[in-house]
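K.L.:
any chance you could fold what I've pasted below:
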Amino acid sequence: MDESAAESGPLNILIADDNDSDRLILKTLLKRLGHDVLDAANGEEAVALFRSKGPDIVLLDVLMPGMDGMEAARQIKELAAERLVPLIFITSLTEVEALAKCLEAGGDGFLSKPYNRVMIKAKINAFNRMRLMHQALSDQRDLMLARNRQLLEEQHVARRVFDNVAHTGCLNAANIRYHASPLSVFSGDVLFASPRPAGGMLVFAGDFTGHGLPAAIGAMPIAETFYGMASKGFNGSDILREINQKLVRILPKDMFCCAVMVEADFGLNQLNVWNGGLPDTWLIRSSSERFILPSLHLPLGILSAEQFSAEMEIVRSLPGDRLLLMTDGVLECANGEGQLFGEQGVRLAVESAGAEGHPFDALMAGIQRFTGHQKFGDDLTLFCLEMVDEAGLTVLPDNTAPSTLAGPTQWKCVYEVQGRTLEEFNPLPLLLHICMEVPGLRRKSGEIYTLLSELYNNALEHGVLELPSEWKYTSEGFNRYYSERTSRLGTVSNHYIRFNFHHEPMHWGGRLSVVCEDSGRGFDFQSHPVLQSTEMAQSGPRYGGRGLALLKRLTESIRFHEQGNRVEIVYDWYL
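P.N.:
So this is what the prediction gives:
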């Protein structure tokens, strides 16, 4: 075997020439170089042999009867598809126009008659190197495509797992409108919404630095933290502290999460908002009344627990108000000229909604008009929450998975919060967790949390702090109420709130008795209208508003002792 063939192994070469002697000479030369040779007398035979044998290199005579070399070249190139098969024309032509036509038909080079052994060897080796290089590049491309498909499949699987965690909330609620446009399978934006055990809703929107899988690396722990703590009754501030601490611990130093946390209380018509690094949040009341809530905090994942502030801005709202929040992707939408949508685009779009239009629809339409067919340059998330009458809101689903662990059915427990702990600590999630140890009560988490929340908040605010409910009925009193609440919490060093729990199984299910006692002065419970009739009182001293009426509606019995600072409720649950 010739050493030229020994370098890469023998090639399978197809010769097509209608001249028998020329074909025989060329075939003999190629075999002496160590190659395997197929030969055809015309273009039709050449195409048929190529289809059946798939040679590595093709040598074609230009002028052949029937199908000439140029037509055969076109068909062979079509059959080869993405595979590179060097095609060399055998010709005695010298006219430039004729040679150019050969190249246009798919030829890669020429071999002149009469044949020269040295030139044949050099051309074959040169074209074979080009063929092998093309094959190596094609193999690498195919390997990269296969690897890319595998990575995408893995990301899709991971995305399905993430969605099962991240979308367990109430984003499909009737008073929510949202749009999310990720740049890739994973998005750097996150959007969660969860019903609160005592009613209302928690909403979290976040935007990690960058986009795609690296930007989504903190999304799973945020989702689990948000939904896990929301279902246990933690407030937005507590959840923010936990998320921030977790991100500080797990994220690289150059990554953080701009975020907005919203607590919506539809019963009290109140919004608590925390904005750390996201664009302004809009509260839209009418075509002329709009309130902008800017970012007042640094993003999550930057500050230590000691430096981090989770203080939320308290906003009085009205039924029908709409809260609009967005990520940076909205402001960074660009048109064909490279101009950004920006804050001005948001303002103009919101103003265009008028009195009857929906601000979410107006803003989405404004973005589409502005960008045209341009692709978004960042992950884009837009969210709108409407404040509604809680009684008219469809009951939000409780997606908390039931535990498979058994728990106690007959037990007693005493829990007391004292002194400065009343200012610094919210015991409701812990108290709910104690009650949820009873398997049958896990399905009643919303009602249980509502009872505990009303008992504790009334004991703290109206018993210990002696705040009158009437203050919350006007805008001026509303601000005064929460300002005074903060001030009085600093003077609770000698006070306490004590809970006594007793649960016992019954043949129908179970009975939970709760006694809540505080160190306040109490109130004249004997003359309270709710205790004297079944009508829902709308005013009153300590247990004014909805508190006492709600307790009476949800429980089997409610009794007051001492001077009114000790209340006992009995809650029956059924299988």
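K.L.:
how is this protein carved up into domains?
P.N.:
3-137, 167-392, 411-574 (automatic domain parsing).
K.L.:
Serialize the ones you listed to a markdown table and add fields for mean pLDDT and mean neighbour count.
P.N.:
Glycine gets a C-beta too; all of them are placed from N, C-alpha and C. Converted to a markdown table, those look like this (pLDDT from 0 to 100; neighbours: other C-beta atoms under 10 Å):
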| stretch | mean pLDDT | mean neighbour count |
| --- | --- | --- |
| domain 3-137 | 86 | 17 |
| domain 167-392 | 88 | 19 |
| domain 411-574 | 83 | 17 |
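K.L.:
kindly reformat these as a markdown table containing distance to residue 144.
P.N.:
Below are the domains of the chain laid out as a markdown table (distance: least, C-beta to C-beta, whole Å):
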| stretch | distance to residue 144 |
| --- | --- |
| domain 3-137 | 10 |
| domain 167-392 | 17 |
| domain 411-574 | 50 |
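K.L.:
and the lengthiest helix in the chain, what other elements does it pack with?
P.N.:
Scanning the chain for the longest helix, with DSSP state H as the assignment, gives helix 117-166. For helix 117-166, the packing partners by 3 or more C-beta pairs under 8 Å, 6 or more residues apart in numbering; DSSP states H and E come out as helix 3-6, helix 20-32, strand 57-61, strand 109-112, helix 219-231.
K.L.:
of all these, which one is nearest residue 78?
P.N.:
Between residue 78 and those, the tightest spacing by C-beta to C-beta is seen for strand 57-61, at 13.0 Å.
K.L.:
pairing partners for that closest one, with directions?
P.N.:
strand 12-16 (parallel), strand 87-91 (parallel) (DSSP bridges).
K.L.:
save these as TSV, and put in distance to residue 217 too.
P.N.:
Output for the strands paired with strand 57-61, formatted as TSV (distance: least, C-beta to C-beta, whole Å):
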stretch	distance to residue 217
strand 12-16	51
strand 87-91	51
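K.L.:
which among the ones you listed is found nearest to residue 443?
P.N.:
Residue 443 sits nearest to strand 12-16 of all the strands paired with strand 57-61, at 74.1 Å, using C-beta to C-beta.
K.L.:
on that earlier part again, which outside residues touch the next helix-or-strand element following the longest helix of the chain?
P.N.:
Later in the chain than helix 117-166, the nearest helix or strand by DSSP states H and E is strand 176-181. Residues outside strand 176-181 that contact it (C-beta atoms under 8 Å, 6 or more residues apart in numbering): 170-171, 187, 189, 191, 193, 329, 358, 360-361, 364, 376, 379-386.
K.L.:
okay, residue 200 and residue 510: tell me how far apart.
P.N.:
From residue 200 over to residue 510 the distance is 27 Å, taken as C-beta to C-beta, to the nearest Å.
K.L.:
thinking again about what came up before, and the longest helix of the chain, how far out from the chain middle?
P.N.:
Relative to its chain's centre, helix 117-166 lies at 31 Å (C-alpha atoms, centre = their mean, to the nearest Å).
K.L.:
now do stretch 304-312
P.N.:
For stretch 304-312 - counting by C-alpha atoms, centre = their mean - the centre lies 25 Å from the chain centre.
K.L.:
so what touches that stretch?
P.N.:
Contact with stretch 304-312 is made by 236-238, 240-241, 244-245, 248, 261, 263, 272-274, 297, as judged by C-beta under 8 Å, 6+ apart.
K.L.:
swap the cut-off to 10 Å and go again
P.N.:
For stretch 304-312, contacts defined as C-beta atoms under 10 Å, 6 or more residues apart in numbering pick out 235-245, 248, 261-263, 271-276, 296-298, 300-303, 486.
K.L.:
return the subset of the residues you listed lying in helices.
P.N.:
Within the contacts of stretch 304-312, residues falling in helices by DSSP H are 236, 237, 238, 239, 240, 241, 242, 243, 244, 245, 248, 486.
K.L.:
what are the neighbouring residues in contact with the first one?
P.N.:
For residue 236, the set of contacting residues under the criterion of C-beta under 10 Å, 6+ apart consists of 196, 202-204, 226, 229-230, 261-264, 272-274, 310, 312.
K.L.:
mind doing that once more with 8 Å?
P.N.:
Counted by C-beta under 8 Å, 6+ apart, residue 236 has contacts 202, 261, 262, 263, 272, 274, 310, 312.
K.L.:
so what sits opposite the fourth one in the bridge?
P.N.:
Beta-bridge partners recorded for residue 263 (DSSP bridges): residue 202, residue 272.
K.L.:
that one touches residue 202, doesn't it?
P.N.:
Yes. Residue 263 is within contact range of residue 202, at 5.9 Å (criterion: C-beta atoms under 8 Å).
K.L.:
before we move on, the earlier item: and residue 501, which of the strands paired with strand 57-61 is closest to it?
P.N.:
When the strands paired with strand 57-61 are compared (using C-beta to C-beta), the closest one is strand 12-16, at 86.6 Å.
K.L.:
now do the closest one against helix 117-166, angle only.
P.N.:
Between the axes of strand 12-16 and helix 117-166, defined by axes from the mean of the first three to the mean of the last three C-alpha atoms, to 10 degrees, the angle is 120 degrees.
K.L.:
who's in contact with strand 12-16?
P.N.:
Strand 12-16 is contacted by residues 23, 26-27, 30, 35-43, 45-46, 49-50, 53-61, 64, 69, 72, 124 when judged by C-beta under 8 Å, 6+ apart.
K.L.:
ok, residue 471 to residue 291 distance?
P.N.:
Counting by C-beta to C-beta, the gap from residue 471 to residue 291 is 22 Å.
K.L.:
err, residue 332, not the other one
P.N.:
Residue 332 sits 24 Å away from residue 291, going by C-beta to C-beta.
K.L.:
need the residue closest to the centroid of the chain.
P.N.:
In the chain, the C-alpha nearest the mean C-alpha coordinate belongs to residue 190, at 3.9 Å (C-alpha atoms, centre = their mean).
K.L.:
for residue 572, grab phi and psi.
P.N.:
Torsion angles at residue 572 (phi, psi; degrees, to the nearest 10) stand at phi -100, psi 140.
K.L.:
separation between residue 522 and residue 481?
P.N.:
For residue 522, the distance to residue 481 - C-beta to C-beta - is 20 Å.
K.L.:
with residue 37 instead?
P.N.:
Note on residue 37: its distance to residue 481, by C-beta to C-beta, is 98 Å.
K.L.:
where along the stretch 201-350 of the chain do the strands fall?
P.N.:
Applying DSSP state E, counting those that start in this stretch to the stretch 201-350 of the chain gives strands spanning 201-208, 257-265, 270-276, 281-284, 290-293, 313-316, 322-326.
K.L.:
okay but residue 259 is in contact with residue 204, surely?
P.N.:
Yes. At 6.6 Å, residue 259 and residue 204 qualify as touching, with contact defined as C-beta under 8 Å.
K.L.:
spell out the secondary structure type for the residue nearest to the centre of the chain.
P.N.:
Judged by DSSP: H, G, I helix; E, B strand; the rest coil, the three-state class of residue 190 is strand.
K.L.:
partners of the closest residue to it other than its chain neighbours in the sheet?
P.N.:
In this structure, residue 190 finds its nearest non-sequential neighbour in residue 206, 4.4 Å apart by C-beta to C-beta, 6 or more residues apart in numbering. Here residue 206 sits in beta bridges with residue 190, residue 259, as judged by DSSP bridges.
K.L.:
residues in contact with residue 206?
P.N.:
Residue 206 sits next to 189, 190, 191, 219, 222, 257, 258, 259, 260, 300 when contact means C-beta under 8 Å, 6+ apart.
K.L.:
repeat the analysis, applying 10 Å as the threshold.
P.N.:
When contacts are counted by C-beta under 10 Å, 6+ apart, residue 206 touches 188-192, 218-219, 222-223, 226, 243, 247, 256-261, 276-278, 299-301, 327, 381.
K.L.:
which SSE is immediately downstream of the helix or strand hosting residue 382?
P.N.:
Element membership of residue 382, judged by DSSP H and E, is strand 380-386. Next along the chain after strand 380-386, taking DSSP H and E as the criterion, comes strand 411-418.
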